[in-house]
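> Whatever this is, show me its structure:
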Amino acid sequence: MAEEFEITLRIDSENPEAVFRKISALKSVGPYTLLPRGDLVMHDRYYDTPDAGLRKKRYALRLRTHGRDRMLCLKGKEKVNAWGGIRRLEIEGPWSEEILEQVIRQAGVLHHKEGAFREDDPAGTLEGLSLMVIQSRQTGRTLIDIAAANGDDSTPIGEMALDRVSYEIAGNRFLHYELEVEAKGGGKDDALKGFVTCLQETLPGVLKRWEYNKLITGHALEALVKEGGLSPGERPDDLIPQSWYDSIERRIQSDRKADPEK
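Sure thing, here's the model as predicted:
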């Protein structure tokens with residue numbers, strides 16, 4: 001089991017795609033070199049037991065599909081530091097019986113069933129473990145490596161992901177833009193903080209701290225839409241209006257006060 005460390009920023013702009021284009025065009029930020037890696041599209045499905053057993057233990061189980069690749073991931077035990085860095089436990093690997101067994105052992109609320117694993121049917125296997133889909137979304141991602149500009153050493157210390165997240169709720173599409181910076185290799189917490197500070201100075205006012213993962217953000221958005229707190233008809237397009245984020249954040253905080261396990 002590994003540990004993941006990342007910083008998430010949401011794009012505070014009425015034209016977030018233009019912000020992503022500006023970031024993608026940068027060759028460097030302060031003392032850091034940016035190395036483009038390309039684009040991909042991912043479909044993520046999150047699972048939990050009918051009684052929310054994984055959420056109660058502060059775990060999130062994700063099945064990710066990218067082309068023919070299928071990845072299973074269990075994340076949990078999030079801790080947010082004073083400046084927004086998020087550290088969490090992580091088990092992730094290509095869909096296999098070995099990875100599934102690691103997830104089952106760590107989660108503590110799932111039970112292996114003899115003959116349940118099906119290599120060609122991950123979704124069917126998870127459903128056979130009494131799991132249900134609690135969120136489904138598609139993400140278009142632009143990947144950029146971050147390297148410290150020290151002479152000829154271009155070993156990445158981190159990875160930046162420009163994410164266009166599409167939630168499907170009540171027959172409507174909701175687009176959320178965020179930027180993730182994750183430590184890689186020898187990347188240290190202070191180096192990532194330094195990079196994020198330089199990036200925010202390069203693009204002042206549009207990169208806002210957002211310490212809520214995509215699953216939690218989507219749950220709050222879904223609850224507000226279904227309760228009538230946010231009206232899809234108010235939007236000129238699929239983009240989540242900037243004015244909604246205060247409501248989404250208040251809902252997340254309210255849910256956490258009511259249930260600290262969330």
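> Let me see the ranges of the helices in this protein.
Per DSSP state H, the chain carries helices over the ranges 16-25, 53-56, 97-107, 122-128, 189-202, 214-226, 245-258.
> so what's the residue nearest the centre of the chain up against?
Ranked by distance to the mean C-alpha position of the chain (C-alpha atoms, centre = their mean), the top residue is Lys214 at 4.6 Å. Shown in contact with Lys214 (C-beta atoms under 8 Å, 6 or more residues apart in numbering): Asp44, Arg137, Thr139, Asp163, Val165, His176, Glu178. (Glycine included, C-beta is placed from N, CA and C.)
> ok so, going back, closest to Ala149 out of the helices of the chain?
helix 189-202 (11.1 Å; C-beta to C-beta).
> what's the neighbour count on Pro232?
13 (other C-beta atoms under 10 Å).
> Hmm, it is touching Asn172, no?
Yes: checked against C-beta atoms under 8 Å, the pair Pro232 and Asn172 is within contact range at 4.4 Å.
> Pull up the overlap in contacts between the two.
In terms of C-beta under 8 Å, 6+ apart, Pro232 and Asn172 are both contacted by the residues Val225.
> sorry, back to before: may I see the helices of the chain organised as JSON lines, with distance to Leu143 and mean pLDDT added?
Formatted as JSON lines, those follow (distance: least, C-beta to C-beta, whole Å; pLDDT from 0 to 100):
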{"stretch": "helix 16-25", "distance to Leu143": "10", "mean pLDDT": "97"}
{"stretch": "helix 53-56", "distance to Leu143": "28", "mean pLDDT": "93"}
{"stretch": "helix 97-107", "distance to Leu143": "22", "mean pLDDT": "93"}
{"stretch": "helix 122-128", "distance to Leu143": "23", "mean pLDDT": "93"}
{"stretch": "helix 189-202", "distance to Leu143": "15", "mean pLDDT": "88"}
{"stretch": "helix 214-226", "distance to Leu143": "16", "mean pLDDT": "95"}
{"stretch": "helix 245-258", "distance to Leu143": "25", "mean pLDDT": "91"}
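> Let's have those helices in CSV, adding distance to Leu34.
Shown next, in CSV, are these (distance: least, C-beta to C-beta, whole Å):
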stretch, distance to Leu34
helix 16-25, 8
helix 53-56, 36
helix 97-107, 32
helix 122-128, 34
helix 189-202, 10
helix 214-226, 23
helix 245-258, 27
